[in-house]
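*Asks:* My questions concern the predicted model and sequence given below.
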Amino acid sequence: MSVFNVFEIAGSGMNAQSLRLNLVASNISNANSVSSSLDEVYKSRQPVFAAQLKEVMNKDHAASGVEVKGVVESQAPAIMEYAPNHPMADKEGYIFKPNVNTIEEMANMMSASRSYQNNVEVFNTSKQLILQTLRMGQ
């Protein structure tokens with residue numbers, strides 16, 4: 001494995017965690033939105049990641065990174081609340097709120113932030129090791 005693969009792996013991890021943080025921000029910002037229809041209500045979104053394996057058969061180059069496979073919407077039901085005086089209430093007096101759990105989203109945000117920081121540390125440590133190796137030849 002080339003020492004430069006570390007940068008590629010850490011970069012893919014930072015990219016994945018950045019997407020995760022953006023989705024958390026979107027979920028939290030829409031947590032209190034209201035809709036008059038079950039079809040129009042915001043649904044929590046989560047990323048789907050997969051490990052990238054390169055040249056698995058060659059054990060010297062079995063480095064892996066993170067691949068973003070996509071974004072999925074939660075299948076949890078929306079919150080139906082009886083509020084007949086609300087301007088967005090439907091005919092029966094119900095409004096619909098997103099299926100976003102802000103506590104879970106905050107925990108997800110802390111985890112993604114920490115993972116991003118760990119990847120930055122790997123990147124910076126690798127850079128420092130390469131620089132110190134180059135200085136040894138002076």
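*Replies:* Noted; the coordinates are in hand. Note that the structure is predicted; figures quoted are calculated from it, not measured. Residues are numbered from 1 along each chain as shown.
*Asks:* Can you tell me how far residue 22 is from residue 8?
*Replies:* 21 Å (CB to CB, to the nearest Å). Where you see a C-beta, it was placed from the backbone N, CA and C, and this is true even at glycine.
*Asks:* Kindly report the same for residue 82.
*Replies:* Taking CB to CB, one finds residue 82 at 53 Å from residue 8.
*Asks:* same thing with residue 125?
*Replies:* In terms of CB to CB, residue 125 sits 15 Å off from residue 8.
*Asks:* Also residue 97?
*Replies:* Distance from residue 97 to residue 8, by CB to CB: 42 Å.
*Asks:* who's more crowded, the two?
*Replies:* When residue 97 and residue 8 are compared for neighbours, residue 97 comes out ahead with 18 against 14, by other CB atoms under 10 Å.
*Asks:* Test my guess that the more buried one contacts residue 41.
*Replies:* Yes. The pair residue 97 / residue 41 is scored as a contact, 7.0 Å apart, by CB atoms under 8 Å.
*Asks:* what's the following helix or strand after the strand or helix carrying residue 7?
*Replies:* Using DSSP states H and E, residue 7 sits in helix 5-29. Using DSSP H and E, the helix or strand that directly follows helix 5-29 along the chain is strand 45-53.
*Asks:* what about the protein, any weak spots by pLDDT?
*Replies:* Filtered on pLDDT under 70, the chain yields the residue ranges 1, 54-63.
*Asks:* what residue lies at the spatial centre of it?
*Replies:* residue 20 (1.2 Å; CA atoms, centre = their mean).
*Asks:* got a list of what that one touches?
*Replies:* 47, 108, 112, 115 (CB atoms under 8 Å, 6 or more residues apart in numbering).
*Asks:* got it, and residue 47?
*Replies:* Residue 47 neighbours (CB under 8 Å, 6+ apart): 16, 19, 20, 23, 68, 70, 71.
*Asks:* 10 Å - rerun?
*Replies:* By CB atoms under 10 Å, 6 or more residues apart in numbering, the contact list for residue 47 reads 16-17, 19-24, 66, 68-72, 112.
*Asks:* partners of it in the sheet?
*Replies:* residue 71 (DSSP bridges).
*Asks:* ok, it to residue 75 distance?
*Replies:* For residue 47 relative to residue 75 (CB to CB), the value is 16 Å.
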